[in-house]
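> Quick one, fold the following:
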Amino acid sequence: MPFNHSLKTARVTADYVVSILDDLVLVDTSAGAVAITLPSFGASTALNYVKHNFRLVKTTSDANAVTITVSGGALINGAASYLLSSQWAGEEFKCDDQGAYQTETGVEFSGSTPGVATASRALILDASKGIATITSATITTLTAPNFAGPEAHAGVITPTGGIAAAAGFTASPRGMWIGQTAPQVSADFNDSIPVITETYVSEIFVPCNLTITGIALFNGTNVTGNVTVGLATSAGAPIAAALSASTAGSGVDAIQRIPFAVAYAAKGPATYFVQVQYSSGTARYNTHILGNHGVLVQTAQTYGVLTSFTAPSTFVTVVGSVGGLY
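Numbering: from 1, shown residues only. Model prediction:
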């Protein structure tokens with residue numbers, strides 16, 4: 001009958017023979033290369049241990065390798081030995097019913113150092129899905145997840161690289177308007193007077209990763225002077241890579257596209273803010289009368305220089321620009 005035993009974690013710094021009592025072996029190679037020997041189970045006894053897996057992890061960042069072999073010369077994945085050469089590289093080794101070993105899929109620590117994991121903080125990754133089982137560890141690097149079907153997650157997911165458009169599709173910014181409201185006719189909205197020492201800030205939502213060429217503003221009844229536009233983060237920090245040159249107003253009661261110096265690769269889903277400045281007090285720009293989006297007027301500003309602000313969460317009537325992305 002199978003042999004029952006309590007499993008343990010072994011921490012080693014030199015050559016080591018794995019015991020059948022070992023479950024996880026954490027190998028420190030800072031003093032030199034380490035040889036690990038797995039126990040040998042002949043075909044007559046291997047079935048007793050078919051459900052026992054040995055997990056091995058190299059925990060240090062040095063260039064020394066962990067070389068893994070099997071006592072008696074049994075093979076690992078059909079080879080005489082197996083190497084772990086980078087920090088947090090790890091595998092799970094399972095003995096089959098003929099005494100040979102195979103590595104289990106999805107337990108290798110891939111990529112750069114995963115957060116603050118240490119020898120006492122075990123981390124096993126399922127590389128096929130980008131999922132991690134963590135014990136007192138923080139992950140900062142994961143390979144891109146690949147989900148073929150529905151996935152349920154109890155915790156918060158923070159996609160630092162954003163979320164791309166659905167497979168086979170692209171996403172356009174042209175339907176994204178401040179306040180989710182676009183003009184329908186030239187007389188829509190309120191014809192307002194800009195102040196040349198003010199910057200007009202309006203909230204806009206970007207639902208996924210996409211490229212933004214610039215801002216499409218709905219001009220008022222006078223286009224005298226120039227206009228400068230830019231994007232800011234949800235924290236109110238202007239984005240240097242999403243800033244236009246000073247551009248002459250063009251098109252009365254019309255939508256004018258004002259490009260950034262370079263098209264900006266925005267990440268989403270995320271809230272951004274549009275900043276708009278005018279160089280002439282005789283110009284007119286269209287503003288929202290009603291809304292639920294954040295609006296702010298920055299005062300004592302210099303035309304052509306966009307500055308940081310505290311992100312607004314409330315609406316202010318007849319000051320927030322009418323415009324969208326393109």
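> Surely Ala165 touches Asn209?
Yes - at 7.2 Å, Ala165 counts as touching Asn209 under the criterion of Cβ atoms under 8 Å. Heads up, the C-betas are built off the backbone N, CA and C, glycines and all.
> so what's in contact with these two at the same time?
Shared contacts of Ala165 and Asn209 (Cβ atoms under 8 Å, 6 or more residues apart in numbering): Ala171.
> Comparing those two, which shows the higher neighbour count?
Asn209 (18 against 14; other Cβ atoms under 10 Å).
> Name the nearest residue to that one, ignoring sequence neighbours.
Counting by Cβ to Cβ, 6 or more residues apart in numbering, Asn209 lies nearest to Gly162, which is 4.1 Å off, once chain neighbours are set aside.
> likewise Ser321?
Take Ser321 and drop its neighbours on the chain: the residue closest to it by Cβ to Cβ, 6+ apart is Val276, 4.7 Å away.
> helix or strand for the one you found, which one?
Using DSSP states H and E, Val276 maps to strand 270-278.
> Just the CA atoms of that strand, as PDB, please.
Taking Å, rounded to 0.1, in the frame of the first residue of the first chain, the C-alpha atoms of strand 270-278 are listed here in PDB:
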ATOM      1  CA  ALA A 270      -8.800  54.800 -18.000                       C
ATOM      2  CA  THR A 271      -9.900  58.400 -17.300                       C
ATOM      3  CA  TYR A 272      -8.000  61.200 -19.000                       C
ATOM      4  CA  PHE A 273      -8.500  65.000 -19.100                       C
ATOM      5  CA  VAL A 274      -8.400  67.300 -22.100                       C
ATOM      6  CA  GLN A 275      -6.700  70.600 -21.600                       C
ATOM      7  CA  VAL A 276      -7.500  73.600 -23.900                       C
ATOM      8  CA  GLN A 277      -6.000  77.100 -24.100                       C
ATOM      9  CA  TYR A 278      -6.800  80.100 -26.300                       C
END
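> Could you check stretch 71-84 and say which residues are buried?
For stretch 71-84, a neighbour-count test (16 or more other Cβ atoms under 10 Å) marks Ala74, Leu75, Ile76, Tyr82, Leu84 as buried.
> my read: the third one touches Tyr82, true?
Yes - with contacts defined as Cβ under 8 Å, Ile76 counts as touching Tyr82 at a distance of 4.5 Å.
> Residues that sit against both of the two, list them.
Joint contacts of Ile76 and Tyr82 (Cβ under 8 Å, 6+ apart) are Ile68, Thr69, Phe93, Thr103.
> Now render these as a markdown table, adding secondary structure, neighbour count and distance to Ser313.
Output for these, formatted as a markdown table (DSSP: H, G, I helix; E, B strand; the rest coil; neighbours: other Cβ atoms under 10 Å; distance: Cβ to Cβ, whole Å):
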| residue | secondary structure | neighbour count | distance to Ser313 |
| --- | --- | --- | --- |
| Ile68 | strand | 24 | 56 |
| Thr69 | strand | 19 | 62 |
| Phe93 | strand | 23 | 54 |
| Thr103 | strand | 18 | 52 |
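> Make CSV out of those and add pLDDT.
As requested, the shared contacts of Ile76 and Tyr82 are exported to CSV (pLDDT from 0 to 100):
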residue, pLDDT
Ile68, 97
Thr69, 96
Phe93, 92
Thr103, 87
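> distance of Val18 from Asp188?
75 Å (Cβ to Cβ, to the nearest Å).
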